[in-house]
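Chemist: Can you look at this prediction? I've put the sequence above it.
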Amino acid sequence: MHEIKTIMSRDVVSVNQDSPMAKAVELLAEHDITGLPVVDDDGHLVGVITEKDVMGILSDQDLASHKVGDYMTEQVVSFDEEEDLIPVCECLVNNHFRRVPILSEDRLAGIISRRDLIKYIMEPIGR
């Protein structure tokens, strides 16, 4: 069994649903990432905000007045860190998104991106 927790990134950049959209845009650019998990004050996953979500408000120059919760996607596919990696691979192959949040005890624990999976696949080749 290939466990998710062995390859997931644990240093996850996330935002709260009450965060200003300007903060989300800043984090996406600063960390060169395409999406951010959205968590509540207890670390529970409540959504995801992506570049695509952000593009919906680019014509409005007043980003400070918009909150992440107004634009985030609430229906998020996620996996538990104890699950097998194969369903994560299948999910990322069969969907348009590039990353999936990983949970531990219903709280955000990490994230797995397509890039993480490629690095994992390449490990045996590099030996």
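Modeler: Arrived safely, thanks for sending.
Chemist: quick one: the closest residue to Thr34 other than its chain neighbours and Leu36, what's the gap?
Modeler: Leaving out its chain neighbours, the residue that sits closest to Thr34 by Cβ to Cβ, 6 or more residues apart in numbering is Glu51, at 5.1 Å. To be clear about C-beta, it is placed using only N, CA and C from the backbone, and glycine gets the same treatment. Glu51 is 10 Å from Leu36, where distance means Cβ to Cβ, to the nearest Å.
Chemist: Those two: who's more crowded?
Modeler: The neighbour comparison of Glu51 against Leu36 (other Cβ atoms under 10 Å) goes to Leu36, with 29 against 14.
Chemist: Need the three-state assignment for that one.
Modeler: With DSSP: H, G, I helix; E, B strand; the rest coil as the basis, Leu36 sits in strand.
Chemist: thought it was touching Lys23?
Modeler: No - using Cβ atoms under 8 Å, Leu36 is not in contact with Lys23; the gap is 9.6 Å.
Chemist: Identify the contacts common to these two.
Modeler: Val15 (Cβ atoms under 8 Å, 6 or more residues apart in numbering).
Chemist: what's around the residue lying closest to Glu83 once chain neighbours are set aside, how many residues?
Modeler: Of all residues not flanking Glu83 in the chain, Ile4 sits nearest, at 5.5 Å (Cβ to Cβ, 6+ apart). Number of residues near Ile4 (other Cβ under 10 Å) recorded here: 25.
Chemist: From Ser78, how far off is Ile4?
Modeler: 11 Å.
Chemist: Mind listing the shared neighbours of the two?
Modeler: Ile102.
Chemist: returning to what we had before: so what's in contact with Glu51 and Leu36 at the same time?
Modeler: Contacts common to Glu51 and Leu36, judged by Cβ under 8 Å, 6+ apart, are Leu28.
Chemist: Go through the helix ranked longest in the chain and flag the buried ones.
Modeler: Criterion DSSP state H: the longest helix present in the chain is helix 114-126. Of all the residues in helix 114-126, those buried under the rule 16 or more other Cβ atoms under 10 Å are 116-117.
Chemist: how about the strands of this protein, start to end?
Modeler: Taking DSSP state E to define them, one finds strands in the chain at 15-16, 35-39, 45-50, 79-80, 99-104, 107-113.
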